[in-house]
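Student: Everything below, folded, please.
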Amino acid sequence: MKLCIPVKNSNGLESEVYSHFGSASAFIIYDTEKKDFIISNNADKQHLHGQCQPLNSLNGNNVNVVIVGGIGQRAIMKLNALNIKVFKSESGTVKENIDWFLNSRLEEFSPEYACEHHGQGNGCE
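Tutor: The predicted model follows:
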């Protein structure tokens, strides 16, 4: 399984999870089977508000799960349509959130639980 975790500053698994998918500088793509990761720059960072293209952002990296602090409703729906589940991160590092995900401690985002500036009330940056 491949997990995608947005980060602002890339410090490997010690990076802090970024609070918003579309404006993240980069993504840590973690392979749970190989227990290894790559860093992928956000190729769609300069998108217009509300026009995030999640697959463009990921530079062609196939993932099964996104773990993020906040994300827009349309991005969730686009990812879910591709059978990519989106989970709400907790404050902490990429490594901690991976461990929490693997131990079923993170809650899955639904399209109704999106960022405030996307018409909902959940206050991501």
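Student: Let me know the distance separating the most far-flung residue of the chain relative to its centre from residue 108.
Tutor: What lies farthest from the middle of the chain is residue 34; by C-alpha atoms, centre = their mean that is 19.8 Å. According to C-beta to C-beta, to the nearest Å, residue 34 and residue 108 sit 24 Å apart. Glycine gets a C-beta too; all of them are placed from N, C-alpha and C.
Student: Quick one: mean pLDDT for stretch 105-112?
Tutor: Mean per-residue pLDDT for stretch 105-112: 84.
Student: could you point out which element follows the worst-scoring helix or strand of the chain on mean pLDDT?
Tutor: Every helix and strand of the chain was ranked by mean pLDDT, DSSP states H and E. The lowest is helix 54-57, at a mean of 59. For helix 54-57, the succeeding helix or strand toward the C-terminus, using DSSP states H and E, is strand 65-68.
Student: Sheet-wise, list the partners of that next one with their directions.
Tutor: Here strand 65-68 is paired, per DSSP bridges, with strand 2-7 (parallel), strand 85-88 (parallel).
Student: tell me the SS of residue 75?
Tutor: Following DSSP: H, G, I helix; E, B strand; the rest coil, the label given to residue 75 is helix.
Student: wait, it sits on residue 20?
Tutor: No. At 9.7 Å, residue 75 does not count as touching residue 20 under the criterion of C-beta atoms under 8 Å.
Student: Would you mind telling me which of those two has more residues around it?
Tutor: Taking other C-beta atoms under 10 Å, residue 75 and residue 20 do not tie; residue 75 has more neighbours (26 against 20).
Student: now the more buried one: how far from residue 81?
Tutor: 11 Å.
Student: Show me the one of the strands paired with strand 65-68 that comes nearest residue 68.
Tutor: Comparing those against residue 68 with C-beta to C-beta, the closest turns out to be strand 2-7 (5.2 Å).
Student: can you list contacts of the closest one?
Tutor: Residues from elsewhere that reach strand 2-7 (C-beta atoms under 8 Å, 6 or more residues apart in numbering): 15-18, 20-21, 24-32, 42, 58, 61-68, 89, 94, 97-98, 101.
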